[in-house]
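A.B. asks: Any chance you can model this:
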Amino acid sequence: MAKHTLQPDTWIDKFSDPLFGYAMARINSREIAQDLVQETFLVALRTKENYRGEVSEKNWLFIILKSRILDYYKKKKEVLGANLVSEEDDSDEFFQSSGHWAKNARPNPETTENMVREKEFFSVLEACKSRLNEMQNLVFTMKYLDGADSEFICKELDITSSNYWVLVHRAKLHLRRCLELKWAN
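C.D. replies: Numbers count the residues shown, from 1 in each chain. I've put the predicted structure just below:
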């Protein structure tokens with residue numbers, strides 16, 4: 001297997017936009033996302049001797065950015081205190097206690113299929129995600145967009161399992177309401 005090499009002089013041109021897009025999907029602040037991308041490049045330059053070439057240069061930079069994003073949220077949690085969200089549960093008509101859709105609240109599959117096909121849906125979803133609080137946005141993104149499992153998310157963000165489930169639950173509720181208002185109607 002061929003080893004990948006680093007070309008730091010091309011990073012800004014090749015990777016700024018994709019890294020920034022990735023950060024913006026996880027951080028609701030343009031300035032913070034820009035700072036995290038810049039920090040990613042600085043960390044990569046400082047640690048380039050550790051690069052073994054086993055993953056592509058792009059993937060390596062994304063790994064560093066993911067770590068920077070997680071560090072950002074860990075620091076923010078320390079500043080704000082341990083309980084960023086109350087662990088009391090919101091009751092609602094959309095989900096069962098297991099987290100699955102309630103029988104009468106399931107989205108219409110035809111509508112869902114058509115929505116996913118529409119390019120505009122994703123911009124509406126991003127607008128709705130930007131209205132979530134930062135922890136809800138991060139947990140939702142890690143779970144449903146990055147495919148991380150709950151144990152990993154809890155460990156990385158140093159949150160309890162019940163706190164995690166409340167964050168996911170509230171994010172789903174907010175997103176559903178927002179999508180119903182901004183997309184479905």
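
A.B. asks: After the helix-or-strand element of the chain with minimal mean pLDDT, which helix or strand is next?
C.D. replies: Lowest on mean pLDDT, DSSP states H and E among the helices and strands of the chain sits helix 109-117, with a mean of 56. Per DSSP states H and E, the first helix or strand lying C-terminal to helix 109-117 is helix 119-129.

A.B. asks: now for that following helix, which elements pack on it?
C.D. replies: Judged by 3 or more Cβ pairs under 8 Å, 6 or more residues apart in numbering; DSSP states H and E, helix 119-129 is in contact with helix 161-179. (Glycine included, C-beta is placed from N, CA and C.)

A.B. asks: which parts of the helix it packs on are buried?
C.D. replies: 163-176, 178-179 (16 or more other Cβ atoms under 10 Å).

A.B. asks: And stretch 130-149, by the same measure?
C.D. replies: Buried, per 16+ other Cβ under 10 Å, within stretch 130-149: 132, 134-143, 148.

A.B. asks: Quick check: which ranges of this structure have low pLDDT?
C.D. replies: For the chain, applying pLDDT under 70 flags the ranges 1-2, 78-101, 103-119, 184-185.

A.B. asks: State the distance from the residue nearest the centre of the chain to residue 147.
C.D. replies: Centrality entry for the chain: nearest residue to the mean C-alpha point is residue 141, 2.9 Å, by Cα atoms, centre = their mean. Distance of residue 141 to residue 147, given as Cβ to Cβ, to the nearest Å: 10 Å.
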